[in-house]
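*Asks:* Here is my input; please provide its structure:
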Amino acid sequence: MTFEPLYPAYSFRDLHRSHGAALSEINRACPMVADFTFYFDRGDDFFAWPAVCFDAGYRYIGMFCDEELVGYGMIGLHNGNLGAEIGPFLYLGDWRILPGHRGHSLGLQGAEALAAGLPEEVNLGYCLVKHGNAPVEWILRTEEAEHWRVERMCGFTAVNLLFLFKPAAPRHHEVRLATPADAAAMADTMARAWDGMLFAPPPPEVHEVERDIEQLDRAGEGGYYLALRDGRLAGMLRVWDATAVKRTTILAYSRRANVLRAAYAGARLLFAGHLPVLPARGGSFRSLTLHRAAVPDRDPAVLRDLLFQVLRDYHGRGYHLAHLGFTEDDPLWPAVRWLPAQRFESEIHLITRRGEELRDMEPWIDIARI
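*Replies:* Numbering: from 1, shown residues only. Sure, this is the predicted structure:
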């Protein structure tokens, strides 16, 4: 399938590692704005993050004005639960367009150009839109792609837990780090917890879980935390330090954020310097990604005890934030109630190829891929 741009000055081409430096410059020039203005710094290898996060491959497309790269977008592919079968689905994300080139439908055209090269078996996926992203919200309300349908699925909140204090020990469960000997019980727990969820990974093999435990430990990037009740596995959580492939770099603080910085500085004095200094402009937060939570009975007390132990273990080790995410109807939401945190509100939109049935299923969304 071919694709013809609406505006002759623009063209769309596949991007590769040779474009990494230019992509990083566009990323920095298109920051996200909330309590602070930031962008995701990929370090020396822009493509290291998608290579880690998308198990069925990814593709980036560049938006060129004459020969100048002025924007980019990505489709990442995964294998997961599609309702009737396990198969590939898409995540449409990581889009940036330089301010001077917005308003020409480049995002919609870029998405269509990417979709034109998708394998025929990819019929379903999703994208995430941050609240307040007026241009994208307008496109979704007013524009329609020729071969695809997009409609709101649910709200999604990214929660950034703050390492302000060392919490109490877990109250209802024994919590410890996993070892390869736990892999069989962990694989069973994941399969039961994610059963029937749209986009959830296929039931993991025991050797895959063993390999992941060993890789996290060998690289020093985190581990799996297990919550045990009466000696039986009640739930689990993967902890990943993604600094090697992606970090949050600060460009500016808002007035409200500066008030929070002052409160944080006071707390740091109170706790005798156990809190790390917040990054100045140009610096990066040190953070953890908390994801792949698996709690078969969906009891938020299980996740809360897991979070308490993670925050206890990493308190005083130089970390500022721990990221995790919830869809709007997730019964695990109460686990973060009353914990000091900053929140980013977004919406998940379901993408289906025209003619495909919509899936009325609870989605499984991994914050590590967003």
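*Asks:* Ramachandran coordinates for residue 170?
*Replies:* phi -50, psi 140 (degrees, to the nearest 10).
*Asks:* and what of residue 121?
*Replies:* phi -80, psi -10.
*Asks:* now the strands: where do they sit in the stretch 101-250 of the chain?
*Replies:* 124-130, 148-162, 174-177, 222-229, 232-240, 247-253 (DSSP state E, counting those that start in this stretch).
*Asks:* what pairs with the fifth one, and is each one parallel or antiparallel?
*Replies:* Translated: strand 232-240. Under the criterion DSSP bridges, strand 232-240 sits next to strand 222-229 (antiparallel), strand 287-294 (antiparallel) in its sheet.
*Asks:* How about the shortest one?
*Replies:* Each strand that strand 174-177 pairs with, and the sense of that pairing, follows from DSSP bridges: strand 222-229 (antiparallel).
*Asks:* ok, then the element right after the strand or helix carrying residue 322?
*Replies:* Residue 322 belongs to strand 321-327 when elements are defined using DSSP states H and E. Counting by DSSP H and E, the next helix or strand C-terminal to strand 321-327 is strand 341-353.
*Asks:* Poorly predicted segments of the stretch 101-250 of the chain, please.
*Replies:* Counting by pLDDT under 70, the stretch 101-250 of the chain has low-confidence residues at 134-135, 137-144.
*Asks:* hang on, the earlier thing: for the strand holding residue 322, packing partners?
*Replies:* Secondary-structure packing of strand 321-327 (3 or more Cβ pairs under 8 Å, 6 or more residues apart in numbering; DSSP states H and E): strand 148-162, strand 287-294, helix 300-314. (Glycine included, C-beta is placed from N, CA and C.)
*Asks:* Ok, which of those comes nearest residue 130?
*Replies:* In terms of Cβ to Cβ, the element of the helices and strands packed on strand 321-327 nearest to residue 130 is strand 148-162, at 9.1 Å.
*Asks:* Show me what the strand holding residue 322 pairs with in its sheet, parallel or antiparallel.
*Replies:* With DSSP bridges as the test, strand 321-327 pairs up with strand 148-162 (antiparallel), strand 287-294 (parallel).
*Asks:* on that earlier part again, now mean neighbour count and distance to residue 316 too, for the strands of the stretch 101-250 of the chain, in CSV please.
*Replies:* Formatted as CSV, the strands of the stretch 101-250 of the chain follow (neighbours: other Cβ atoms under 10 Å; distance: least, Cβ to Cβ, whole Å):
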stretch, mean neighbour count, distance to residue 316
strand 124-130, 21, 32
strand 148-162, 18, 14
strand 174-177, 18, 18
strand 222-229, 22, 17
strand 232-240, 22, 16
strand 247-253, 18, 20
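*Asks:* how about those, which one is nearest residue 82?
*Replies:* Among the strands of the stretch 101-250 of the chain, strand 124-130 sits nearest to residue 82 (Cβ to Cβ), with 5.9 Å.
*Asks:* circling back to that earlier point, could you dump the strands paired with strand 321-327 to a markdown table with distance to residue 302?
*Replies:* Supplementary listing: these in a markdown table, determined by distance: least, Cβ to Cβ, whole Å:
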| stretch | distance to residue 302 |
| --- | --- |
| strand 148-162 | 17 |
| strand 287-294 | 9 |
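*Asks:* Which among those strands is found nearest to residue 183?
*Replies:* For the strands paired with strand 321-327, proximity to residue 183 was assessed by Cβ to Cβ; strand 287-294 is nearest, at 13.1 Å.
*Asks:* Neighbours of the residue nearest to residue 311 when sequence neighbours are not counted, how many?
*Replies:* In this structure, residue 311 finds its nearest non-sequential neighbour in residue 167, 5.2 Å apart by Cβ to Cβ, 6 or more residues apart in numbering. Using other Cβ atoms under 10 Å, residue 167 has 18 neighbouring residues.
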